[in-house]
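Q: Provided below are the primary sequence and the corresponding predicted coordinates.
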Amino acid sequence: NAEKLRPEDAPGLFDIINWLSTQANMKYAPRLYYIPGRQMSAFSTGLNEKNAVIAISDGMLRSLNPRELTGVLAHEICHIHSNDLLVMQIADVISRLTGIMAFIGYLLIWIYIPLYLLTEAHPPWALLLVLMLAPSLSALMQLALSRTREYSADEAAARLTGDPLGLASALGKIERYQGNWIERLVIPHHRMQAPSMLRTHPLITDRIRHLREMAYKMQSSGHPFDSVNRQNWLQLPSSRLPRRRRFPRLWP
């Protein structure tokens, strides 16, 4: 249900995107899409700068101030500028091919078992074992590559804006707002974390610590959108706004 935004729909967002694209020496500014929903998320997609897209959720727009939003959009801009989208798509294709090879390995095992029992044939068990384990190893390598690119995008975004703490502040808000309201109420600081090797992104706490270390080493130069005052980013007409559920009142 993502909706493409026009400059008149969100002039403030397009000002940030155009400024970041100019700072990154990009020929084309990414197109912006709006995702209705309270979840805080933003992502980029596309094969190159010419057809790149950045999608951002309503929850993100309502929660972040200009400084934090600039950091998040700079992170996505750096993914696009560094060709991370193409690299990850190639890695995904390799992972899928590895899965096909593993499936062929499973078929060969069923063929070799009768031959091994009925004849003196000696199947290449080591090769078949490698084929069976290849998808898991490929998936782990793909996840490790994704985590590495996330760190690189954080560093590039901090240098692009000259403001590592803006992105760090945005990541802190995302970390606090993750999970449902019951989880935040009952176990706010004891959320079950997936093992680091099974995550597509590094732990947010590690990313924040790394950005703070960068801020300590580099002098923040500031940028045109270095403001902590929240803004109403969208100027969509009522006909284009997502419909919200309404519940009947229990009192007059």
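A: Structure received. Numbering: from 1, shown residues only.

Q: quick check, Ile54 in a strand?
A: Yes: under DSSP: H, G, I helix; E, B strand; the rest coil, Ile54 sits within a strand.

Q: which residues touch it?
A: The contact partners of Ile54, taken as Cβ atoms under 8 Å, 6 or more residues apart in numbering, are 17, 30-33, 42-44, 73, 76-77, 80. C-beta: built from backbone N, CA, C; applies to glycine.

Q: 7 Å instead, please
A: Ile54 sits next to 30, 32, 42, 44, 73, 76 when contact means Cβ atoms under 7 Å, 6 or more residues apart in numbering.

Q: likewise for Val228?
A: 65, 67.

Q: apply 8 Å and report the result again.
A: Contact analysis of Val228 by Cβ under 8 Å, 6+ apart lists 65-67.

Q: check Tyr216 too.
A: If you count contacts by Cβ under 8 Å, 6+ apart, Tyr216 has none.

Q: list the ones among the contacts of Val228 that fall in helices.
A: Judged by DSSP state H, helices contain the following of these: 66-67.

Q: from the contacts of Val228, pick the one nearest Met101.
A: Arg67 (47.7 Å; Cβ to Cβ).

Q: how many neighbours does the nearest residue to the closest one once chain neighbours are set aside have?
A: Take Arg67 and drop its neighbours on the chain: the residue closest to it by Cβ to Cβ, 6 or more residues apart in numbering is Gly166, 4.3 Å away. Using other Cβ atoms under 10 Å, the number of residues around Gly166 comes to 30.

Q: packing partners for whichever helix or strand Gly166 is part of?
A: Using DSSP states H and E, Gly166 falls within helix 164-177. Here helix 164-177 touches helix 58-63, helix 66-81, helix 125-161, helix 204-217, going by 3 or more Cβ pairs under 8 Å, 6 or more residues apart in numbering; DSSP states H and E.

Q: next one: the first one to chain centre, how far?
A: Meaning helix 58-63. From the chain centre to the centre of helix 58-63 is a distance of 16 Å (Cα atoms, centre = their mean, to the nearest Å).

Q: related to what we said a few turns ago, mean pLDDT for the helices and strands packed on helix 164-177: which is lowest?
A: Of all the helices and strands packed on helix 164-177, the segment with the smallest mean pLDDT is helix 125-161, scoring a mean of 86.
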